[in-house]
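Visitor: Structure, please.
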Amino acid sequence: MHLQVSNVCKSFGHGKAAKLVLDNVSFELHSGQFVALVGSSGSGKSTVMRLIAGLESISSGAISIDGQPVTGPGSDRGMVFQKYSLYPWLSAAQNVAFGMELQGRSRTDVRERTSYFLEVVGLADSARCLPRELSGGMQQRIAIARALAAEPKVLLLDEPFGALDIQIRESMQEFLHQLWQRTGLTALLITHDLEEALLLANRVHIMAPNPGRLVRSVEMTLDRAPMAQLRVSPEFLALREDLAQGLRVLEPNLQP
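Guide: Numbers count the residues shown, from 1 in each chain. Purely as a prediction, here's the structure:
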């Protein structure tokens, strides 16, 4: 899989009222990579995600997956949103199966893959539970399982842990990192949390606002196992502070 974002610009409005929200954004994502876009509100990271998802059209530039231009939503991209977006009247298993059923898979295939991905996210025992019977973190695991079960080429994660409290958020970060190591999934994360981006991604692209643009890219080479120790390691703290310090003028609202 090769996702290519090339010189993408995006404006909203027309004529003199047009506002440039993305300016010449370019980056790549290859199979097995975990890439993060981090920036404060107004940096355009959510707009980039919507363009890649095919929910918005670009003003100029190009976005392609394996050489094919992105012209709209597609099953090659799985989305996980900040809000859990589960169907409240369906059980956990039925939510995971939903996308596969739309794809026309056989009942046997849907049943086997549903069981497998519930096991992958550690919720096999909750298959019959309704969303209201699950914690926020468990609901987000189901949303991730549903997205993965449909076999997308890339998983698009839109602030997936933003609605969780700090303890559950840290637990989910660890879970997602272990899931990436276990399955080799290809993922693009957007977040306003610099620490989260550095913990999860093996490449971090930092965006500045007005208009949204990439200002720095960092390849993560630090050992992330165990993650709890990485959070307080001198090397990690020094890198986080270096990046945060460089962004405080451009992005005063960026969380360190």
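Visitor: If you count neighbours, what's buried in stretch 201-210?
Guide: A201, N202, R203, V204, H205, I206, M207, A208, P209 (16 or more other CB atoms under 10 Å). For the C-beta atoms, the positions are set from N, CA and C on the backbone; glycine is no exception.
Visitor: Please work out which residues outside the helix ranked longest in the chain touch it.
Guide: Ranked by residue count and defined by DSSP state H, the top helix of the chain is helix 166-183. Contact partners of helix 166-183, identified using CB atoms under 8 Å, 6 or more residues apart in numbering, comprise 34, 120-122, 135-137, 140-141, 144, 148, 157, 160-161, 164, 185, 187, 196, 199-200, 224, 227-228.
Visitor: buried subset of these?
Guide: In these, the ones that pass as buried (16+ other CB under 10 Å) are 34, 120-121, 136-137, 140-141, 144, 148, 157, 160-161, 164, 185, 187, 196, 199-200, 224.
Visitor: Let's see which of those residues end up in strands.
Guide: Cross-referencing these against strands under DSSP state E gives F34, L157, A187.
Visitor: what residue ranges in the stretch 51-200 of the chain are flagged as low confidence?
Guide: 84 (pLDDT under 70).
Visitor: got the residue ranges for the helices in it?
Guide: Along the stretch 51-200 of the chain, counting by DSSP state H, counting those that start in this stretch, helices occupy 92-102, 107-120, 136-149, 166-183, 194-200.
Visitor: Please convert those helices to a markdown table, extending it with distance to E235.
Guide: Listed next are these as a markdown table, based on distance: least, CB to CB, whole Å:
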| stretch | distance to E235 |
| --- | --- |
| helix 92-102 | 38 |
| helix 107-120 | 31 |
| helix 136-149 | 28 |
| helix 166-183 | 17 |
| helix 194-200 | 11 |
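Visitor: Which one of those lies nearest to T47?
Guide: Of all the helices of the stretch 51-200 of the chain, it is helix 194-200 that lies closest to T47, at 17.3 Å by CB to CB.
Visitor: Give me the contact list for the next helix or strand along the chain from the closest one.
Guide: Sequence order places strand 203-208 as the next helix or strand after helix 194-200, per DSSP states H and E. With contact meaning CB under 8 Å, 6+ apart, strand 203-208 is reached by 25, 27, 33-39, 43-45, 48, 194, 197-198, 213-220, 243, 247, 250-251.
Visitor: can you do 6 Å?
Guide: Strand 203-208 is contacted from outside by 27, 35-39, 43, 45, 197, 214-219, 250-251, using CB atoms under 6 Å, 6 or more residues apart in numbering.
Visitor: Neighbouring strands of that strand in the sheet, and parallel or not?
Guide: strand 34-38 (parallel), strand 213-219 (antiparallel) (DSSP bridges).
Visitor: Could you tell me the least trusted of those strands?
Guide: Mean pLDDT is lowest for strand 213-219 out of the strands paired with strand 203-208, coming in at a mean of 92.
Visitor: got a list of contacts for that strand?
Guide: D23, V25, R203, V204, H205, I206, M207, A208.
Visitor: can you pull the buried residues of it?
Guide: Buried, per 16+ other CB under 10 Å, within strand 213-219: R213, L214, V218.
Visitor: could you redo these as TSV and give each row distance to G13?
Guide: As requested, those are arranged in TSV below (distance: CB to CB, whole Å):
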residue	distance to G13
R213	19
L214	23
V218	33
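Visitor: This completes my enquiry, with thanks.
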